[in-house]
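A.B. asks: 3D model of this:
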Amino acid sequence: MPIDINNLYSQITQLSPQIVQEESDFTRRLEAALDLAKSQNSNNNFNLLQKKLKLHRHEYQWTAPDLTAPFTTSYNPSQPPNDFIVLSVDGSQIEPDRDSPADCFLVNTGEVVIQYGTSPQASLSNTPYLFWGDYKNTQNDQGYLDPDIHADSSIIAAIRDTYEIKAMTRLVSNLPSNMPSLGILDGSLSQWKTTSQNSRIQNILLTDYLEALEELKELASTKNLVIVSYISAPATKESINALRIDSCPFSEPKCKEHCSDLPALSRPCDIVAKVRDRDVFQSLLKEGQRSALFNTRSTTMDHYGSHTVSYFYMKTKDEIVRIEIPNWSTSSLDLAHNLVWNQIDLGNGYPVALHEAHEQAVIRSSDRNSFWRIIDNMDGNNLIDQGLSRKNIAKKRRKV
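C.D. replies: Below you'll find the model as predicted:
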């Protein structure tokens, strides 16, 4: 039955005054954030904020980055080199079907190499990895999880992250040493904790990911290469949190001591609440420009070592994007800026190599159906009758 549109419309209409009020509040908070950001043009103000952030890092509750330059700092892109290479990797997955007797999942990586300049050429491919039973990869027999651990979507996504880094490393291994090159990945370089309550599993996943990054780092050091990840329409407020600290009226921003009893949206720093990083940089940057570099201090990075992430923002024709970069690759910021901007221009608003990698990685409905059909038929067509639930069988036979 379709949704009752009249009922829904009535509810939305009742919310109209609240929506108007929230829009007005957001505009006020955004203006406050922009005023704070612009106040950093003064060297004295900027130095004071830097000092406040560093000295009281463990006293305020917000995750704020280290600043390398004022918020209003911007850089224009320049022309890319005459000859360069762009590598891109993206991934997708098929998660276990609880109604299937086959305990397995699939990770697929899309890999793209595009060479520009005097000898243009391109290579597009994908590599599927099947994980079965105790989640040993059928190709290299590398174990990840215990047999009794359920691989939920977050665990599989973490494994996929690692395999994307490994795919990028394979591509980098074939790069010429002196050719300016960009390696671009989709999404954040920081691997968030899985939903698994098993700390051992979390440690295994993170260890594997960091080992893959370390291998990439060592290989990248022999190339003229910069590695970045691309986040479209980021929802992060990490840089805004620095402005929260700037707005704190207390000489020492001790959140628990000064404001723990105050409700949300009534604390002094809530003057910039609900504002995202991208909202501020939408006003501070012009098309093609990038911001200064921010060094993240998220606790997620506590065990990353040299793989700790820094980031900057870029303004495209249609949006603000966040570009993350591992600390061992930050010496090539100009190369990253110029080649990412070139990719955005060629892709009409989105990096062309990343788009092609996504197209190589994506698993369409027909692919999923074929995958499960092959799995279901592996045992002489007996698995369906022996293991599938009646609900799953009903889905497969549905006529309407």
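
A.B. asks: low-scoring stretches of the stretch 51-200 of the chain, by residue?
C.D. replies: When the per-residue scores of the stretch 51-200 of the chain are filtered using pLDDT under 70, the ranges that remain are 133-149, 193-198.

A.B. asks: Please enumerate the helices of it.
C.D. replies: Assigned by DSSP state H, counting those that start in this stretch, the stretch 51-200 of the chain shows helices spanning 153-173, 199-220.

A.B. asks: Check the stretch 301-400 of the chain too.
C.D. replies: According to DSSP H, counting those that start in this stretch, the helices that the stretch 301-400 of the chain contains are 333-346, 352-361, 365-376, 383-387, 390-397.

A.B. asks: Please parse the protein into its domains.
C.D. replies: If the domains of the chain are taken from automatic domain parsing, they occupy 84-237+288-361, 365-394, with pieces of a single domain joined by a plus sign.

A.B. asks: Show me which of the ones you listed has the highest average neighbour count.
C.D. replies: Neighbour counts (mean count of other C-beta atoms under 10 Å) averaged over each of those peak at domain 84-237+288-361, with a mean of 18. Any C-beta I mention is one placed from the backbone N, CA and C, and that applies to glycine too.

A.B. asks: So for residue 206, what pLDDT did the model give?
C.D. replies: pLDDT, residue 206: 89.

A.B. asks: Look up how far residue 90 lies from it.
C.D. replies: Distance of residue 206 to residue 90, given as C-beta to C-beta, to the nearest Å: 21 Å.

A.B. asks: what bits of the stretch 251-400 of the chain have low per-residue confidence?
C.D. replies: By pLDDT under 70, the weakly predicted segments of the stretch 251-400 of the chain are 379-400.

A.B. asks: give me that answer again for 80
C.D. replies: 376, 378-400 (pLDDT under 80).

A.B. asks: Save the domains of the chain as a markdown table, and put in distance to residue 57 too.
C.D. replies: Compiled in a markdown table, the domains of the chain are given as follows (distance: least, C-beta to C-beta, whole Å):
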| stretch | distance to residue 57 |
| --- | --- |
| domain 84-237+288-361 | 7 |
| domain 365-394 | 46 |
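
A.B. asks: closest to residue 60 out of the ones you listed?
C.D. replies: Distances from residue 60 to each of the domains of the chain were compared using C-beta to C-beta; the minimum, 11.2 Å, belongs to domain 84-237+288-361.

A.B. asks: closest to residue 34 out of the domains of the chain?
C.D. replies: Proximity to residue 34 (C-beta to C-beta) singles out domain 84-237+288-361 among the domains of the chain, at 13.8 Å.

A.B. asks: Would you format the helices of the stretch 51-200 of the chain as CSV with distance to residue 340 included?
C.D. replies: Compiled in CSV, those are given as follows (distance: least, C-beta to C-beta, whole Å):
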stretch, distance to residue 340
helix 153-173, 15
helix 199-220, 16
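
A.B. asks: Quick one: closest of those to residue 280.
C.D. replies: Judging the helices of the stretch 51-200 of the chain by C-beta to C-beta, what sits closest to residue 280 is helix 153-173, at 28.5 Å.

A.B. asks: what's that closest one packed up against?
C.D. replies: Helices and strands touching helix 153-173, by 3 or more C-beta pairs under 8 Å, 6 or more residues apart in numbering; DSSP states H and E, are strand 84-94, strand 104-116, strand 121-132, strand 181-186, helix 199-220.

A.B. asks: Report the distance from that helix to the chain centre.
C.D. replies: Between the centre of helix 153-173 and the centre of its chain there are 13 Å (C-alpha atoms, centre = their mean, to the nearest Å).
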